[in-house]
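>>> attaching a predicted model along with its sequence, questions to come.
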Amino acid sequence: MTAPAPIQKHTFQVFRDVPPLRALRREILLANRTVGLVPTMGALHEGHLALIRQAAAENTDVIVSIFVNPTQFGVNEDLASYPRTWDSDVAKLEALNAELGQATTNQDTTTSPPQGRITAILAPTAQVMYPTVPPSSEIDGDGSFVTITPIARRLEGASRPVFFRGVATVCMKLFNIVGAERAYFGQKDIQQTVVIRRMVKDFHVDTEIKIGATVREADGLAMSSRNVYLGARRRAVGLVLYRALKAAEERYAAGRTVQRRAILDAAEAVTQQVRAEQEALAPTQRARFEVDYISLADPDTLEELEVVDPAKGAILSGAIKMAPLEETVPGEDCGLGEGKVPVRLIDNLIFAPRA
Ligand code: AMP
């Protein structure tokens with residue numbers, strides 16, 4: 001008789017509800033250990049893993065939340081089709097814990113803080129996160145919400161009116177549940193970091209907000225869970241946003257100008273050129289896109305700037321919408337959804353303050 005296969009046990013605990021997580025949190029606190037929280041919506045990629053590595057370098061215990069938050073999706077947005085990849089997410093977190101365990105073994109703790117590990121995944125149900133009024137995506141929907149205005153109305157908020165209300169609300173819930181010393185967010189979603197920093201300040205939340213650099217593909221495209229919908233053709237053209245931002249950054253960094261118009265003209269020249277190239281191609285070859293915005297804004301308020309104060313710096317950010325493919329070629333890599341899903345890409349660069 002063969003022995004039954006051992007039950008696979010994770011190196012972290014998985015929580016679906018709040019009270020057991022709170023009990024763990026108390027244990028960690030009493031042991032003088034610290035918690036770094038990394039909020040995610042799953043479909044994990046290297047961008048998420050980099051944030052977790054940073055959290056593990058700065059805390060003994062990392063809690064990763066995986067929750068596709070309904071209230072940040074507008075009524076016509078992609079909540080139903082948002083990629084959900086639980087098994088592969090868990091496998092990636094297991095592999096990362098093995099890597100972090102290895103780092104612990106090799107570590108010289110006399111010179112560096114102890115290397116942390118992923119201790120828990122919080123994967124709550126919508127009922128747990130929204131225990132009374134069901135989550136609403138309607139602008140005037142009922143519920144208990146956190147709103148951070150006017151920041152939340154700007155940029156991404158202009159085309160996604162409930163987005164930052166949903167983000168701020170779910171992050172406030174997660175902060176209250178976990179009581180982390182630190183929470184980690186990616187620069188990739190720069191406006192989100194500005195909203196969350198403002199929320200933490202205004203509500204005196206006792207969690208320090210840390211920002212991790214944007215993780216990119218080899219050619220510069222910012223990693224995103226939604227990139228799986230692009231396919232090869234839109235993936236290549238989608239790089240236009242990063243290239244446009246880089247051109248604007250170059251004009252500023254060269255010290256030639258601090259003027260908005262001159263900086264943004266450099267970005268526009270790139271988007272216009274790529275658009276013209278695409279329009280000249282056949283529908284079986286081209287990928288059409290629209291520029292939603294390219295912004296040059298104050299790093300704290302996200303108010304648009306006419307002139308950059310080099311002592312303060314600025315945030316250069318943009319969004320483009322890749323249209324569905326008009327015609328596809330048999331055998332073409334069109335991505336998940338066969339090229340029919342419009343994909344919004346965002347990216348940004350920070351102009352750091354100059355001394
Ligand atoms: P999401 O699951 O898309 O809500 O993202 C969860 C966290 O990962 C957010 O703080 C994002 O800003 C961050 N993140 C997503 N993509 C990247 C990336 N390419 N580089 C760094 N952080 C990222």
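Okay, I see it.

>>> and the chain, which residues reach the ligand?
40-41, 47-48, 50-51, 185-186, 188-189, 212, 214-215, 222-225 (CB under 6 Å from any ligand atom). Where you see a C-beta, it was placed from the backbone N, CA and C, and this is true even at glycine.

>>> tell me the contacts of residue 335?
Contacts for residue 335 (CB atoms under 8 Å, 6 or more residues apart in numbering) come out as 228-232, 234-235, 341.

>>> closest point of the stretch 51-200 of the chain to the ligand, which residue?
residue 186 (2.1 Å; CB to the nearest ligand atom).

>>> contact partners for whichever residue of the stretch 1-150 of the chain sits closest to the ligand?
Residue nearest to the ligand within the stretch 1-150 of the chain (CB to the nearest ligand atom): residue 47, separated by 2.5 Å. Residue 47 is in contact with 186, 188, 212, 214-215, 222-224, counting by CB under 8 Å, 6+ apart.

>>> which secondary structure element contains it?
Using DSSP states H and E, residue 47 maps to helix 46-58.

>>> what's downstream of that helix, the next helix or strand?
Assigned by DSSP H and E, the successor of helix 46-58 is strand 61-66.

>>> now that next one: mean pLDDT?
Per-region confidence: strand 61-66 scores 98 on mean pLDDT.

>>> which outside residues touch it?
With CB under 8 Å, 6+ apart, strand 61-66 has contacts from 21, 28, 33-42, 48, 52, 55-56, 86, 89, 93, 116-124, 174, 178, 180.

>>> mind redoing it with 7 Å?
The contact list for strand 61-66, computed with CB atoms under 7 Å, 6 or more residues apart in numbering, reads 28, 33-40, 42, 52, 55-56, 89, 93, 116-123, 174, 178, 180.

>>> now do the next helix or strand after it: distance to the chain's middle.
Using DSSP H and E, the helix or strand that follows strand 61-66 in sequence is helix 86-105. Here helix 86-105 is found 20 Å from its chain centre; the criterion is CA atoms, centre = their mean, to the nearest Å.

>>> show me what counts as buried in helix 86-105.
89-90, 92-93, 96-97, 100, 103 (16 or more other CB atoms under 10 Å).

>>> can you check stretch 155-167 too?
Buried residues in stretch 155-167 (16+ other CB under 10 Å): 155-157, 160, 162-167.

>>> with stretch 12-29 instead?
12, 15, 18, 21, 24-25, 28.

>>> so which of the residues you listed belong to strands?
residue 15 (DSSP state E).

>>> inside helices: which ones of the buried residues of stretch 12-29?
Using DSSP state H, the members of the buried residues of stretch 12-29 that fall in helices are 18, 21, 24-25, 28.

>>> can you pick out the most distant pair from those residues?
Farthest-apart pair in those is 18 and 28; separation 15.3 Å (CB to CB).
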